[in-house]
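Undergrad: Sequence below, structure please.
(2 chains)
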Amino acid sequence: MTTKRSMVKSLLAAEEASSQVRVQGWVRTKRDSKAFSFVEINDGSCLANIQVIVDATVPGYEASILPLRTGASLEVEGGLVESQGKGQKWEMVAKSVIVHGQADEDYPLQKKGHKAEFLRSIAHLRPRSNLFGCVFRVRSRLAYAVHQFFQQRDFVNVHTPIITASDCEGAGEMFQVKTVSGESGQEGQAKNGEEEFFGKPAFLTVSGQLEGETFACALSNIYTFGPTFRAENSHTTRHASEFWMIEPEMAFCDLEADMSLAEELVKYLVCDVLENCAEDLELFGKFVDKGLMERLHFVRDRSFERVTYTEAVDLLLASEQKFEFPVEYGANLQSEHERYLTEQHFKCPVTVYNYPKEIKPFYMRLNDDDKTVAAMDLLVPGIGEIVGGSQREERLEILRGNMEREGLAEEEYWWYVDLRRYGTVPHAGFGLGFERMLMFVTGVANIRDVIPFPRVPGWAEF
RNA sequence: UCCUGCGUAGCUCAGUGGUAGAGCGGGUGACUGUUAAUCACUAGGUCGUUGGUUCGAAACCAACCGCAGGAGCCA
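TA: Alright, predicted model coming up:
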């Protein structure tokens, strides 16, 4: 009868010694002594490794333990004992070791720090590094916390389609979905024949919002959480071609409540990660972003600021700050303006709302001043926009007017318009960029380093 | 798409006109309850590519390729 596997995390948290435990994992580092070796094993369950003492008398020592290199996979059975050395409370003394796979000499991960750029080129191995192990454990926890937040509030999770035929809302360039010729499709050629697979052109979704609205107008409070695709040729640290987005939509809801939910969500996620990912966050605070913990505590403890677009412009004009782009009413706030507000002026997350209608899309609700729409952006230090949302235009005639002005054919959106014909309700929602949130809570500066296999223009490796 | 910067050993980099270097990693050996172990020896390079300037180019010039950062777009 083999001993049940223990994860490194639980062994390191042990209350007492144990005569027989079993770990399985990968060698992070090994140091040889005359009569024994120290092998540090990591299994991804936590940041820390467990140190294993392998005595020269263990069967196979010379043949298979001594030659072990960083990256090799193995399985150890033995006792869990209090460590004689400094630096760790518990360590293992091996009775038997099975080497599943030695690592070739050219295993690229070293114990020393690598540049993010290099690690991206070995995306299949980088989760074995300390930093990326932490990033993806936190990513998993953050995703869980998102569901928890909404489920606790009785929001219904809706799986909106990834393939869509509505060139929706003009929210950016789209990828088209086509069939390919040949058995394997390796040629990448569009299939012969005029017929579209779906009967009309189809695309990868840029937002689940419009579909989300239909479900909110039935189930009241819903949220989506899934992949989103944008074909923009963006080359920045916060844009990717494929990313995940969370989009709640609430019926009988105005902008005020919408903003409150967004702020509550951001705060909830920060608190959850602080509570449940302490060890990982410590690494980020030490090696990635010195100011991280202070910022997260700040977000947890203080309330967010709120200003209207007009107030924000006034603040920027009065700031006497030199901007590359001028600040003016009616124009979109530039990245540098947003960052000034959240990083310099308020030094905390800020929600900017009520934007001029001219710079916002057709579905946002017109305010009574006839000049602004009930839109909002939540800005955070270091990232900029993390949430974008609005109250939706629920009045049929005004929506039609907006669509006509923007040259959108009503036939294409007939089902969206229908919502305003059959029991329309005030409703609102927003989109939270999952990766941007992850960047915010980890301090990792590049979106490509919080996505397992990032897709950006010119790069779809792995 | 625009602007800027960078491409030298597996990795991180030094080398600014005179013919290729270090640390880490790899290999071999020694030593040690070690922990980014230590010490010695050793292998490893078409200096991104192509063309030009020069007696001579890793270095200077041009084009191209790749990557990174910023802008726009937005999550």
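
Undergrad: max-length strand in chain A?
TA: strand A:18-32 (DSSP state E).

Undergrad: which helices and strands sit right next to that one?
TA: In terms of contact count using 3 or more CB pairs under 8 Å, 6 or more residues apart in numbering; DSSP states H and E, strand A:18-32 is assigned the packing partners helix A:8-12, strand A:36-42, strand A:73-82. C-beta coordinates here come from the backbone N, C-alpha and C atoms, glycine included.

Undergrad: Next up, the contacts around the nearest residue to residue A:367 once chain neighbours are set aside.
TA: Spatial nearest neighbour of residue A:367, chain neighbours left out: residue A:374 (5.9 Å); criterion: CB to CB, 6 or more residues apart in numbering. Applying CB atoms under 8 Å, 6 or more residues apart in numbering to residue A:374 gives the contacts A:254-255, A:353-354, A:364-367, A:390-391, A:428.

Undergrad: Flag every buried residue along the helix or strand hosting residue A:374.
TA: Using DSSP states H and E, residue A:374 maps to strand A:372-380. For strand A:372-380, a neighbour-count test (16 or more other CB atoms under 10 Å) marks A:372-380 as buried.

Undergrad: Three-state assignment for the residue of the stretch 51-200 of chain A at minimum distance from RNA strand B, please.
TA: Nearest to RNA strand B, among the residues of the stretch 51-200 of chain A, is residue A:85, at 2.2 Å (CB to the nearest atom of the strand). Using DSSP: H, G, I helix; E, B strand; the rest coil, the structure places residue A:85 in coil.

Undergrad: Tell me which residue in the stretch 351-462 of chain A sits closest to RNA strand B.
TA: residue A:433 (2.5 Å).

Undergrad: Could you count how many residues lie near residue A:100?
TA: Neighbour count of residue A:100, defined by other CB atoms under 10 Å: 10.

Undergrad: My error: substitute residue A:74 in the last question.
TA: 23.

Undergrad: same question, residue A:90
TA: Residue A:90 has 19 nearby residues by other CB under 10 Å.

Undergrad: who touches it in this structure?
TA: Residue A:90 touches A:11-12, A:14, A:17, A:50, A:80-83, counting by CB under 8 Å, 6+ apart.

Undergrad: Pick out whichever of these sits closest to residue A:283.
TA: residue A:12 (15.3 Å; CB to CB).

Undergrad: Show the contacting residues for the closest one.
TA: A:46, A:48, A:50, A:88-90.

Undergrad: do the same with residue A:329
TA: Residue A:329 neighbours (CB under 8 Å, 6+ apart): A:310, A:313, A:356.

Undergrad: and residue A:409, what does it touch?
TA: Residue A:409 neighbours (CB under 8 Å, 6+ apart): residue A:403.

Undergrad: so residue A:408 touches residue A:361, yeah?
TA: No - contact criterion CB atoms under 8 Å: residue A:408 and residue A:361 do not qualify, at 9.8 Å.

Undergrad: just to revisit the earlier point, who wins for most neighbours among the contacts of residue A:90?
TA: Busiest of the contacts of residue A:90 [other CB under 10 Å] is residue A:50, holding 27 neighbours.

Undergrad: Which pLDDT does the model give the residue lying closest to that residue once chain neighbours are set aside?
TA: Distance criterion CB to CB, 6+ apart; nearest residue to residue A:50, sequence neighbours excluded, is residue A:8 at 4.7 Å. With respect to pLDDT, residue A:8 has a value of 96.

Undergrad: With residue A:321 instead?
TA: With respect to pLDDT, residue A:321 has a value of 84.

Undergrad: So it lies in a strand, does it not?
TA: No - checked against three-state DSSP, residue A:321 lies outside a strand; its state is coil.

Undergrad: quick one on the thing from earlier: now the buried residues of strand A:372-380 in JSON lines, with pLDDT and distance to residue A:59?
TA: Converted to JSON lines, these look like this (pLDDT from 0 to 100; distance: CB to CB, whole Å):
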{"residue": "A:372", "pLDDT": "95", "distance to residue A:59": "77"}
{"residue": "A:373", "pLDDT": "96", "distance to residue A:59": "74"}
{"residue": "A:374", "pLDDT": "97", "distance to residue A:59": "72"}
{"residue": "A:375", "pLDDT": "96", "distance to residue A:59": "69"}
{"residue": "A:376", "pLDDT": "96", "distance to residue A:59": "66"}
{"residue": "A:377", "pLDDT": "95", "distance to residue A:59": "64"}
{"residue": "A:378", "pLDDT": "95", "distance to residue A:59": "60"}
{"residue": "A:379", "pLDDT": "94", "distance to residue A:59": "61"}
{"residue": "A:380", "pLDDT": "91", "distance to residue A:59": "56"}
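
Undergrad: care to break chain A down by domain?
TA: Recorded structural domains for chain A (assignment: automatic domain parsing) are A:8-101, A:126-449.

Undergrad: of all those domains, which lies closest to residue A:459?
TA: Proximity to residue A:459 (CB to CB) singles out domain A:126-449 among the domains of chain A, at 8.3 Å.

Undergrad: Can I get stretch A:150-160 as PDB, trimmed to CA atoms?
TA: Taking Å, rounded to 0.1, in the frame of the first residue of the first chain, the C-alpha atoms of stretch A:150-160 are listed here in PDB:
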ATOM      1  CA  PHE A 150     -21.700  37.600  -7.500                       C
ATOM      2  CA  GLN A 151     -23.100  34.300  -6.300                       C
ATOM      3  CA  GLN A 152     -23.300  35.700  -2.700                       C
ATOM      4  CA  ARG A 153     -25.400  38.500  -4.200                       C
ATOM      5  CA  ASP A 154     -27.600  36.100  -6.100                       C
ATOM      6  CA  PHE A 155     -26.400  37.200  -9.500                       C
ATOM      7  CA  VAL A 156     -26.900  34.600 -12.200                       C
ATOM      8  CA  ASN A 157     -23.900  33.600 -14.300                       C
ATOM      9  CA  VAL A 158     -24.700  33.700 -18.000                       C
ATOM     10  CA  HIS A 159     -22.500  32.200 -20.600                       C
ATOM     11  CA  THR A 160     -22.800  34.600 -23.500                       C
END
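
Undergrad: and that stretch, anywhere near RNA strand B?
TA: No - Stretch A:150-160 is not in contact with RNA strand B by CB under 7 Å from any atom of the strand; minimum separation 14.5 Å.
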